[in-house]
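A.B. asks: Using only what follows, build the 3D model:
(one chain, ligands or ions: 2)
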Amino acid sequence: MADRILVVDDEPSMRRMLEILLRQEGFEVRAAQSAEEALAALSRTSFDLIISDIRMPGLSGIDLLRRVRAEGPGAEVVLITAYATAESAIEALKLGAFDYVTKPFQVDELLHIVRNAVEKHALQEENILLKAELSQQAHFGEIIGGSPQMRQIYALIERIAPTTSTVLIQGESGTGKELVARAIHQRSARGSRPFVSVNCGGIPETLLESELFGHVKGAFTGAYATKKGLFDTAHGGTLFLDEIGEMSPLMQVKLLRALQERRIRAVGATEDHEVDARVLAATNQDLARLVQEKRFREDLFYRINVITIQLPPLRKRRDDIPTLAQHFLQKCAAAGDRPAPSLTAGAMGLLESYAWPGNIRELENVVERALALAPGERIEVSHLPEHLLGYKMPAAAGEMDIPEDGFSLPEAVEGVRAAYIRRALAMEEGVMVRAAARLGISFRSMRYFVKKYHLQAREG
Ligand SMILES: Nc1ncnc2c1ncn2[C@@H]1O[C@H](COP(=O)(O)OP(=O)(O)OP(=O)(O)O)[C@@H](O)[C@H]1O
Ligand SMILES: [Mg+2]
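C.D. replies: Numbering: from 1, shown residues only. Ligands and ions are numbered 1, 2, ... in the order given. Predicted coordinates:
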């Protein structure tokens, strides 16, 4: 469909000229002889671009621009004026005009601006559509979560995947950094080529160098054969450098050089060779702070940090906990070839209120463990680890909240009881009589609850 342009000018010859010129360029053109007429046309039809004179009897081009912008995004506006003063031009841009031209103008100059404006408009529409689409989604490929924070991340991934930019993915342990790196790779033109992941922490410097860049035979003791580096393995694909904050100063220099020159030198080699790997890096440290503390090179930081993705910790997007818990429940149950049990409201409440220092990885482990402990169709509070229960205990009535969907007082009470019993047993080295005495309950009750909650305890 041709892009639609509305030409607004009180001067008939000018209107005519623009109409003919723009039609020749393949645009669909309408003309109006005043801002008022233009507004009437805009109320009936949508346009991609409005080209308007500024000085007209009645409403001016600036007034028209103001009205159009007040309606929200919509058409781009280019203004034409014979009386260009710096102020009116700047005012036009401030008010959201795409650009302006002064009469008399060169045809090429105008067409250039028109094409750019139309292109910008198309991109904007695409972006709005994309955002609307993503805003419905509770997942993005394998990445689960429909919270606003995650949706923003999905939109960002979608935007940056096709580029070749280096991306720094920051986030606490277990927030899904590697998952995001893989999603970027899969959605890039390199998706069918290798994705190579390297953990830069915990590998000694010399070993990391030969891992990344390769080595030639005889380069060092034990180098019996020539070996390709991971940069070479990732050729045409993506190299994921995990825990980049752990890299030694010397390796930082070498990596910087590889990124800048797109060439590497294998250990023991005399010549460089070209590599083409898109680099994605991740860290659970605050890299900017490491730079301040002179523990990470500033130049490398800027080279890597072209685009940053900050993954929020799970406790900052609690809305995603039920979706994630259900997801892992289905996954683990399917792996164990059994139907997925349901989570009781009390158990879900505990999951939702816990702080999750280990983030999604910890949640996955907790669900897996609960599934192993719960033989039946329900996962209850007692199938969850002790430290979750401890966290749930409300210190004051003011801190208790009742979730909108599904709450059970008996289960909540059960959770609190289990937490106190665990704590008392821990204080008394698992001796049931003494723990019972601490809590003011009978030995028989204690024995009953120990069994019910699968606790470790001793008779005497
Ligand atoms: N949003 C998510 N949806 C589904 N699974 C997820 C999500 N985020 C993380 N996971 C899962 O949690 C686990 C940890 O994720 P990942 O390895 O990507 O974390 P990380 O940020 O790289 O952690 P670390 O810093 O400890 O290396 C993986 O099993 C991953 O599949
Ligand atoms: Mg990781």
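A.B. asks: Using just helix, strand and coil, how would you label the residue minimising distance to the centre of the chain?
C.D. replies: By C-alpha atoms, centre = their mean, the mean C-alpha position of the chain lies nearest to I153, the distance being 2.1 Å. Following DSSP: H, G, I helix; E, B strand; the rest coil, we place I153 in the helix state.
A.B. asks: Report the contact partners of it.
C.D. replies: 140, 143, 180, 309, 311 (C-beta atoms under 8 Å, 6 or more residues apart in numbering). No exception for glycine: its C-beta is placed from N, CA and C like everyone else's.
A.B. asks: and if you look at G460?
C.D. replies: Here G460 is in contact with 431-433 (criterion: C-beta under 8 Å, 6+ apart).
A.B. asks: For R422, see how far away V416 is.
C.D. replies: Distance, V416 to R422, by C-beta to C-beta, to the nearest Å: 11 Å.
A.B. asks: Looking at those two, which one has more neighbours?
C.D. replies: Neighbours per residue, other C-beta atoms under 10 Å: of V416 and R422, the larger number sits with R422, 22 against 15.
A.B. asks: Not counting residues beside it along the chain, what's closest to that one?
C.D. replies: Nearest residue to R422, sequence neighbours excluded (C-beta to C-beta, 6 or more residues apart in numbering): E386, at 4.9 Å.
A.B. asks: Tell me how far that neighbour lies from Y354.
C.D. replies: Applying C-beta to C-beta to E386 and Y354 gives a distance of 12 Å.
A.B. asks: ok, the two, which is more surrounded?
C.D. replies: Each of E386 and Y354 has its neighbours counted (other C-beta under 10 Å); Y354 has more, 23 against 16.
A.B. asks: ok, the more buried one touching L388?
C.D. replies: Yes: using C-beta atoms under 8 Å, Y354 is in contact with L388, at 4.9 Å.
A.B. asks: Just the contacts of I153: which are in strands?
C.D. replies: Using DSSP state E, the subset of these located in strands is 140, 143, 309.
A.B. asks: closest to ligand 1 among the residues you listed?
C.D. replies: Comparing those against ligand 1 with C-beta to the nearest ligand atom places I143 closest, at 4.4 Å.
A.B. asks: buried stuff in stretch 165-178?
C.D. replies: 166-172, 174-178 (16 or more other C-beta atoms under 10 Å).
A.B. asks: For it, give me every contacting residue.
C.D. replies: With C-beta under 8 Å, 6+ apart as the test, stretch 165-178 has contacts from 143, 160, 180-181, 184, 197, 240, 242, 244, 259, 278-284, 286-287, 303-314, 357-362.
A.B. asks: of those, buried ones?
C.D. replies: Buried among these (16+ other C-beta under 10 Å): 143, 160, 180-181, 184, 197, 240, 242, 244, 259, 278-284, 287, 303-305, 307, 309, 311-314, 358-360, 362.
A.B. asks: and I264, how many neighbours does it have?
C.D. replies: For I264, the neighbour count with other C-beta under 10 Å is 23.
A.B. asks: hey, what's it bridged with?
C.D. replies: Note on I264: beta-bridge partners by DSSP bridges are H273.
A.B. asks: Tell me the residue of the stretch 1-150 of the chain that sits nearest ligand 1?
C.D. replies: Among the residues of the stretch 1-150 of the chain, I144 lies closest to ligand 1, at 3.5 Å counting by C-beta to the nearest ligand atom.
A.B. asks: Quick check: that residue touching I321?
C.D. replies: No: in this structure, I144 is not within contact of I321 by C-beta under 8 Å, at 10.5 Å.
A.B. asks: By average pLDDT, which secondary structure element in the protein comes out worst?
C.D. replies: helix 386-392 (a mean of 66; mean pLDDT, DSSP states H and E).
A.B. asks: packing partners for the helix or strand just after it?
C.D. replies: Counting by DSSP states H and E, the next helix or strand C-terminal to helix 386-392 is helix 409-427. For helix 409-427, the elements it packs on are helix 345-353, helix 386-392, helix 432-439, helix 443-452, judged by 3 or more C-beta pairs under 8 Å, 6 or more residues apart in numbering; DSSP states H and E.
A.B. asks: Mind telling me which of those the model trusts least?
C.D. replies: With a mean of 66, helix 386-392 has the lowest mean pLDDT of the helices and strands packed on helix 409-427.
A.B. asks: What backbone torsions are found at the residue in the stretch 201-350 of the chain that ligand 1 sits nearest to?
C.D. replies: Closest approach between the stretch 201-350 of the chain and ligand 1, counting by C-beta to the nearest ligand atom: N284, at 4.6 Å. Backbone torsions of N284, given as degrees, to the nearest 10, read phi -100, psi 10.
A.B. asks: D242 is in contact with that one, correct?
C.D. replies: No: in this structure N284 lies outside contact range of D242 using C-beta under 8 Å: 9.5 Å.
A.B. asks: Sort out which of the contacts of stretch 165-178 are in helices and list them.
C.D. replies: The members of the contacts of stretch 165-178 that map onto helices under DSSP state H are 160, 180-181, 184, 259, 287, 303-304, 359-362.
A.B. asks: just the residues you listed that are near ligand 1?
C.D. replies: Counting by C-beta under 6 Å from any ligand atom, 360-361 from these sit close to ligand 1.
A.B. asks: could you dump the ones in helices among the contacts of stretch 165-178 to TSV with distance to L59 and pLDDT?
C.D. replies: Below are the ones in helices among the contacts of stretch 165-178 laid out as TSV (distance: C-beta to C-beta, whole Å; pLDDT from 0 to 100):
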residue	distance to L59	pLDDT
I160	42	88
V180	50	97
A181	53	97
I184	48	96
L259	54	92
L287	53	93
R303	51	88
I304	51	91
N359	56	96
I360	56	97
R361	61	97
E362	61	96
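A.B. asks: out of the ones in helices among the contacts of stretch 165-178, who's nearest A437?
C.D. replies: Distance to A437, by C-beta to C-beta, is smallest for E362 among the ones in helices among the contacts of stretch 165-178, at 34.6 Å.
A.B. asks: close enough to count as contact, the closest one and E368?
C.D. replies: No: between E362 and E368 there is no contact under C-beta under 8 Å: 10.7 Å.
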